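*Asks:* sequence and predicted structure are below.
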Amino acid sequence: MKVLIVGGGGREHAIAWKLAQSPKIDKLYCAPGNAGISEIAACVPIKAEDVDEICRFASESQIDLAVIGPEVPLAMGIVDELEKAGVKAFGPNKKCAQLEASKAFTKSFLARHNIPTAGYKEFTDKQELLDAVGIYGYPMVIKADGLAAGKGVVIAETKEDAVKAIEEMMEDKIFGSAGDKIVVEEYLTGIEASMLCFVDEHTIIPMESAQDYKRIFDGDKGPNTGGMGTYSPSLVFNGDLEERIQKEILKPTLEGFQKDGLDFKGVLFIGLMIGEEGPKVIEFNNRFGDPETQSVLLRLETDLLDIFSAVIDNKLDDVNIKWSEKKAVCVVLASGGYPGAYEKGKSIHGLNRVDKDIMVFHAGTKFGDRNGQEIVTDGGRVLGVAALADTHDEARTKAFDNVKKINFEGMQYRNDIGIIIKK
Ligand code: AMP
Ligand code: GLY
């Protein structure tokens, strides 16, 4: 089989690494990929958002399966377009991709199907929103409705901060049309966890849980990022909680999709807050999480291609998905300045010093000019150093021991990945 992965971050490196273990795949492509992915897949210089070019390449190269990593091409309807071009694709269609592309769409879905989530109101008129500042007290949760590269949520501690965020989103349009509509929510407290699920039209199967660290600095300080590290399984999960999530969230979600005619196929990423009242949905994403995938796929024992094929054929129920009992920790190394402005092109040193049983998933990397041998930084999140071990603490120690072997100018990472942070 010929398989094309769309995207070029750490998540796509993890998907490529796992798929490369499948005996059924003869040739793996990745568009656009990165320096790390190029060791296991043929990288094609087409941007993930260039839906037309990806469809042309996939059709001309007779790709048997395209796997879509990021949310933007999904929201653009890449799966519908690939299918029109005769290429099977793993990921939700454009209609279902609204579950990530519009926060208001998801909130009304959750409310309609009585799935626990924070109370909310949506606004398209700036004055109405300014008059409603503080309706749920502080901190005030203010969200741009559309896609904003993980930066569209502001947790405003004061009225002044809230007004500033509203002006930036609705007046200065810092997120473009994604801020035309704003969702305001109650502030939830508890411990966050990410639950990625494989979904077809009849079945929803959660993967092993993971915990992401969204803020840039230790102790959950500073602005939100795409994610600075993960571990799996989440330390807060237990049998009772999993049962409640199944009954109160997963079951009504699948039934809601069926009632609403949402033929969702792919990965549903459920952001959860585990608080005193139990689990509540913070958000839905419609793809693998980054960097959750790096920790979670490290523990997957089943052939990922078999799972993707089963989802596409609506036969997910037939697959017996197996996970390793081992624990995973992934620490992200980011460029200095990220998630604000940062420089690219810094030489990365020490990759060859890393232990053999450590996976270094590349995110923003490319080959430098010097004979194409040197690897340089090419994005905000640069690498994910991932360790698998018998215990959580051992995995944590192994990951950080190896982080210390790598360096590039300005490199920053969080020291507390793997430690529980309660809000
Ligand atoms: P989202 O993109 O919706 O996941 O939001 C990004 C981050 O903002 C989440 O991971 C939470 O840390 C935080 N957040 C979002 N919604 C809420 C909420 N209603 N209450 C508390 N924190 C929230
Ligand atoms: N790690 C969060 C996300 O992928 O959206």
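*Replies:* It's in. Ligands and ions are numbered 1, 2, ... in the order given.
*Asks:* ok, then the element right after the helix or strand containing L130?
*Replies:* Per DSSP states H and E: L130 is located in helix 126-131. Remark: after helix 126-131, the chain's next helix or strand is strand 140-144, criterion DSSP H and E.
*Asks:* can you get me a residue count around Q21?
*Replies:* The number of residues packed around Q21, counting by other C-beta atoms under 10 Å, is 12. No exception for glycine: its C-beta is placed from N, CA and C like everyone else's.
*Asks:* any idea how far F367 is from the nearest residue to it once chain neighbours are set aside?
*Replies:* Distance criterion C-beta to C-beta, 6 or more residues apart in numbering; nearest residue to Q21, sequence neighbours excluded, is D303 at 7.4 Å. From D303 across to F367, the span is 30 Å (C-beta to C-beta, to the nearest Å).
*Asks:* also I245?
*Replies:* Applying C-beta to C-beta to I245 and F367 gives a distance of 43 Å.
*Asks:* neighbour-wise, which of the two wins?
*Replies:* Between I245 and F367, counted using other C-beta under 10 Å, I245 has the larger neighbour count: 23 against 15.
*Asks:* and that one, what are its phi and psi?
*Replies:* phi -60, psi -40 (degrees, to the nearest 10).
*Asks:* bridging across strands, which residues link to the closest residue in space to it that isn't next to it in sequence?
*Replies:* Closest residue to I245 apart from its sequence neighbours, by C-beta to C-beta, 6+ apart: P279 at 5.2 Å. When assigned by DSSP bridges, P279 has beta-bridge partners I274.
*Asks:* quick one: residues contacting P279.
*Replies:* Applying C-beta atoms under 8 Å, 6 or more residues apart in numbering to P279 gives the contacts P116, L241, R244, I245, E248, I249, L272, M273.
*Asks:* A341: how many residues sit nearby?
*Replies:* Other residues near A341 number 9, with proximity taken as other C-beta under 10 Å.
*Asks:* make sure it is indeed in a helix.
*Replies:* No. Counting by DSSP: H, G, I helix; E, B strand; the rest coil, A341 is not found in a helix; it is coil.
*Asks:* if I look at it, how far off is A193?
*Replies:* Using C-beta to C-beta, A341 is found at 31 Å from A193.
*Asks:* now F217
*Replies:* The spacing between F217 and A193, counted by C-beta to C-beta, is 20 Å.
*Asks:* remind me which residues of the stretch 301-423 of the chain are low pLDDT?
*Replies:* The stretch 301-423 of the chain contains residues with pLDDT under 70 at 371-372, 422-423.
*Asks:* show me where it has helices.
*Replies:* 304-312, 392-403 (DSSP state H, counting those that start in this stretch).
*Asks:* same check on the stretch 51-200 of the chain?
*Replies:* Taking DSSP H, counting those that start in this stretch, the helices of the stretch 51-200 of the chain run over residues 51-60, 71-75, 78-84, 94-101, 103-112, 126-131, 159-166.
*Asks:* and these: which comes nearest ligand 1?
*Replies:* Closest approach to ligand 1 among those (C-beta to the nearest ligand atom): helix 103-112, 6.6 Å.
*Asks:* ok, residues contacting that closest one?
*Replies:* Residues contacting helix 103-112 (C-beta under 8 Å, 6+ apart): 98-100, 115-117, 120, 122, 143-146, 181, 183, 185, 256, 260, 281, 283-284.
*Asks:* now that helix and helix 94-101, what's the angle there?
*Replies:* 100 degrees (axes from the mean of the first three to the mean of the last three C-alpha atoms, to 10 degrees).
*Asks:* now helix 103-112: how far from the chain's centre is it?
*Replies:* 20 Å (C-alpha atoms, centre = their mean, to the nearest Å).
*Asks:* the closest residue to L99 other than its chain neighbours: what secondary structure?
*Replies:* Using C-beta to C-beta, 6+ apart and skipping residues adjacent in sequence, the residue nearest L99 is F284, 4.6 Å away. Secondary structure, three-state DSSP: F284 is strand.
*Asks:* contacts only, for F284.
*Replies:* L99, E100, T106, L268, F269, I270, G271.
*Asks:* relative to I63, how far out is F105?
*Replies:* Distance from F105 to I63, by C-beta to C-beta: 30 Å.
*Asks:* more neighbours, the two?
*Replies:* I63 (23 against 17).
*Asks:* what's around the nearest residue to the more buried one once chain neighbours are set aside, how many residues?
*Replies:* By the measure of C-beta to C-beta, 6+ apart, the closest residue to I63 outside its immediate chain neighbours is L4, 4.6 Å from it. Each residue near L4 was counted by other C-beta under 10 Å, and the total is 26.
*Asks:* list the contacts of L4.
*Replies:* Y29, C30, A31, V44, I54, F57, A58, S61, I63, L65, A66, V67.
*Asks:* so the third one sits in a strand?
*Replies:* Right, the one you point to is A31. Yes. Under three-state DSSP, A31 falls within a strand.
*Asks:* surely S102 and A144 touch.
*Replies:* No. If you go by C-beta atoms under 8 Å, S102 and A144 don't touch, sitting 10.2 Å apart.
*Asks:* next, show the common contact partners of the two.
*Replies:* Here S102 and A144 have K181 as joint contacts, going by C-beta under 8 Å, 6+ apart.
*Asks:* pull the CA atoms of the worst-scoring helix or strand of the chain on mean pLDDT into CSV?
*Replies:* Sorting the helices and strands of the chain by mean pLDDT, DSSP states H and E puts strand 221-224 at the bottom, at a mean of 89. Only the C-alpha atoms of strand 221-224 are listed here, as CSV (Å, rounded to 0.1, in the frame of the first residue of the first chain):
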residue,chain,number,x,y,z
LYS,A,221,2.3,30.1,33.9
GLY,A,222,2.5,32.3,30.8
PRO,A,223,0.6,32.2,27.6
ASN,A,224,-1.0,29.1,26.0
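*Asks:* how far out from the middle of the chain is whichever helix or strand comes after that strand?
*Replies:* For strand 221-224, the following helix or strand on the C-terminal side (DSSP H and E) is strand 229-232. Relative to its chain's centre, strand 229-232 lies at 12 Å (C-alpha atoms, centre = their mean).
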